[in-house]
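S.K.: Structure of the sequence below:
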Amino acid sequence: MRQEAGAEKRRRLRAGDRRELIARMIQTDGTVVVEELARSLEVTPSTIRRDLALLTEQGTIARTYGGAMSAGHTAEPTLGQRSGLAVAEKDRIGRWAAARIGPGDTVILDAGTTAGRLAHHLRSRTDLTVITCGLTALRELAEADGVELITLGGTLRQVSQGLVGPLAELTLSRLTADKVFLGADGLDARLGICEASLQQTSLKEMMADRGTEVYVLADSSKLGQSPFTAWAPLDRPWTLVTDSGATDDQLGPFRALPDTEVITV
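M.R.: Next up is the predicted model:
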C-alpha cells in the first residue's frame, strides 16, 4: 500500500482519483486505517473519512473501527490493533471521564481501549469502587491500593479482551453504580451502540440499566459508523464523550436527541 501511495502522493490528487486509489488499496490489502491513509496521501483524517463514507455508500467498501475493509470482509480488529488507533483522542476522553468520578463513587467500566485509558487515570485514586468486564481496566487497576476492584467474570472474548455471557450478567444483576462508562465499535444516534456480538450488546444494555449516569466514550472515528450488526439501544438519558475532531455533521444527530448531552474534549 505504501509503495502505491508513495508514487502518487507527490502530485495533488483530485477527489475522485484519490477515492479510486483508496479503493484499489483496500482491494489489494483487504483493510486500511484512516490515519495511515491520511499520512500516505497527505490529506487530513477528516478528508479520508469523507472518502470512505462515500465509497461505503457506493458499496465499494465496508467501514471498520478506525478504517475500512473490502466489501464482504467482516473481521473484527483485535484489542492490540485498536490500541494503536486514535491514541491521543482516547487518552483525552479517558482523562475527562476520570475527572467526573468523585470520592466514594461506584463506577462500571466497559471493556476496550478507551475504558482502559479511563482506568489508567484512576490508578492513584482512593475511596473508589470499580466494576469491570475488561481485562485492560483490570490490568491498569490491579495494583491500585485505593480502588476496590470487582470483576464480572464470565466468558472471555479474546479478540476484545472482555468478559461476557450469563455469568457476567448474573454478577452485574446484583450490583448498581453511580456512573457507567461504555465503549463502542460504532455509534448511531438512532440505533445506539454497535458491536460485533449480541453477547456484548446484551451486557452493555444491562450495564446502562444498572447505573444512575451513563456515558458513552467514543472517539470521532466511531460516530455514525455501523461496522457490525449487533446493537445496544440507548433508551435513557446519556452523555456522549468524543474528541474535538468530530465534525458538526457527525455530532448533529446526537445533539438533536432530547435526552443526550454531547461533550467534545
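S.K.: in the stretch 51-200 of the chain, which spans are helices?
M.R.: 79-83, 87-99, 113-120, 135-141, 166-172, 198-209 (DSSP state H, counting those that start in this stretch).
S.K.: got JSON lines for the ones you listed, with mean pLDDT too?
M.R.: Formatted as JSON lines, the helices of the stretch 51-200 of the chain follow (pLDDT from 0 to 100):
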{"stretch": "helix 79-83", "mean pLDDT": "82"}
{"stretch": "helix 87-99", "mean pLDDT": "97"}
{"stretch": "helix 113-120", "mean pLDDT": "98"}
{"stretch": "helix 135-141", "mean pLDDT": "98"}
{"stretch": "helix 166-172", "mean pLDDT": "97"}
{"stretch": "helix 198-209", "mean pLDDT": "96"}
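S.K.: just so I know, which of those lies nearest V262?
M.R.: Closest to V262 of the helices of the stretch 51-200 of the chain is helix 87-99 (C-beta to C-beta; 12.7 Å). Where C-beta positions appear, they are placed from N, C-alpha and C, glycine not excepted.
S.K.: other SSEs contacting the closest one?
M.R.: In this structure, helix 87-99 makes packing contacts with helix 113-120, strand 211-217, strand 238-242, judged by 3 or more C-beta pairs under 8 Å, 6 or more residues apart in numbering; DSSP states H and E.
S.K.: Show me which positions of it end up buried.
M.R.: The neighbour-count check on helix 87-99 (16 or more other C-beta atoms under 10 Å) flags E89, K90, D91, R92, I93, G94, W96, A97, A98 as buried.
S.K.: Throw those residues into CSV and include distance to V164, thanks.
M.R.: Below are those laid out as CSV (distance: C-beta to C-beta, whole Å):
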residue, distance to V164
E89, 26
K90, 22
D91, 26
R92, 28
I93, 23
G94, 22
W96, 27
A97, 22
A98, 25
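S.K.: closest to Q200 among these?
M.R.: Among the buried residues of helix 87-99, and counting by C-beta to C-beta, the member closest to Q200 is K90, at 18.5 Å.
S.K.: Check the gap between T151 and D145 for me.
M.R.: In this view, T151 and D145 are 17 Å apart by C-beta to C-beta, to the nearest Å.
S.K.: Neighbour count for those two, which is higher?
M.R.: Neighbour count, other C-beta atoms under 10 Å: between T151 and D145, T151 has more, with 16 against 8.
S.K.: returning to that earlier point: deepest of the helices and strands packed on helix 87-99, which one?
M.R.: Stretch with highest mean neighbour count among the helices and strands packed on helix 87-99: helix 113-120 (a mean of 26; mean count of other C-beta atoms under 10 Å).
S.K.: just checking, what packs against it?
M.R.: Contact here means 3+ C-beta pairs under 8 Å, 6+ apart; on that basis helix 113-120 packs against helix 79-83, helix 87-99, strand 106-109, strand 128-132, helix 135-141, strand 177-182, strand 211-217.
S.K.: Ok, which of these comes nearest Q199?
M.R.: Within those, the stretch nearest Q199 is strand 177-182; the backing value is 14.7 Å (C-beta to C-beta).
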